[in-house]
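[1] sequence plus predicted model, see below.
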Amino acid sequence: MLFCSFSDPLHVFKEAFKALAARGVLKMQDVIFDFRSPNDLLKGSVLEEWAKKLKEAFGSKGIDLTCVSGYRNYLEAVGFENI
């Protein structure tokens, strides 16, 4: 949830790209906040309800907790290579 904590994660990636020296490396780790299970085990669970409320709360502040799925597009858009 690192980059999703920002209302404009693309801007954060742009700044990271500008700050890196030529041939620099950006290492990061984040979670995909869209909880899923292969057999609907989470359906109706307390965890599913908590995740829904958290997404709504962050969404009301303009923060998308599912933005991790767009990281590759963000990285490519600002000029990173070999992702």
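    It's in. Just so you know, these numbers come straight off a predicted model, no measurement behind them.
[2] switch to C-alpha atoms for all contacts and neighbour counts from now on
    Noted.
[3] is the residue nearest to Arg36 when sequence neighbours are not counted in a helix, a strand, or coil?
    Using CA to CA, 6 or more residues apart in numbering and skipping residues adjacent in sequence, the residue nearest Arg36 is Leu42, 7.1 Å away. The three-state label given to Leu42 by DSSP: H, G, I helix; E, B strand; the rest coil is coil.
[4] would you confirm that Leu42 contacts Glu48?
    Yes - the pair Leu42 / Glu48 is scored as a contact, 6.0 Å apart, by CA atoms under 8 Å.
[5] any idea how far the residue of the chain most remote from its centre is from Gly44?
    Going by CA atoms, centre = their mean, the residue of the chain most distant from its centre is Ala22, 25.1 Å out. Per CA to CA, to the nearest Å, Ala22 is found 49 Å from Gly44.
[6] longest helix in the protein, by residue count?
    When the chain is parsed with DSSP state H, its longest helix is helix 46-59.
[7] just how off-centre is that one within its chain?
    15 Å (CA atoms, centre = their mean, to the nearest Å).
[8] buried set for it?
    Glu48, Ala51, Lys55 (16 or more other CA atoms under 10 Å).
[9] stretch 7-24 now?
    Ser7, Pro9, Leu10, Phe13, Lys14, Phe17.
[10] can I get these in CSV with secondary structure and distance to Ile63?
    Shown next, in CSV, are these (DSSP: H, G, I helix; E, B strand; the rest coil; distance: CA to CA, whole Å):
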residue, secondary structure, distance to Ile63
Ser7, coil, 5
Pro9, helix, 9
Leu10, helix, 12
Phe13, helix, 16
Lys14, helix, 18
Phe17, helix, 22
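[11] distance to Asn82 added to those, as CSV?
    What follows is the buried residues of stretch 7-24, written out as CSV (distance: CA to CA, whole Å):
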residue, distance to Asn82
Ser7, 26
Pro9, 20
Leu10, 18
Phe13, 15
Lys14, 16
Phe17, 14
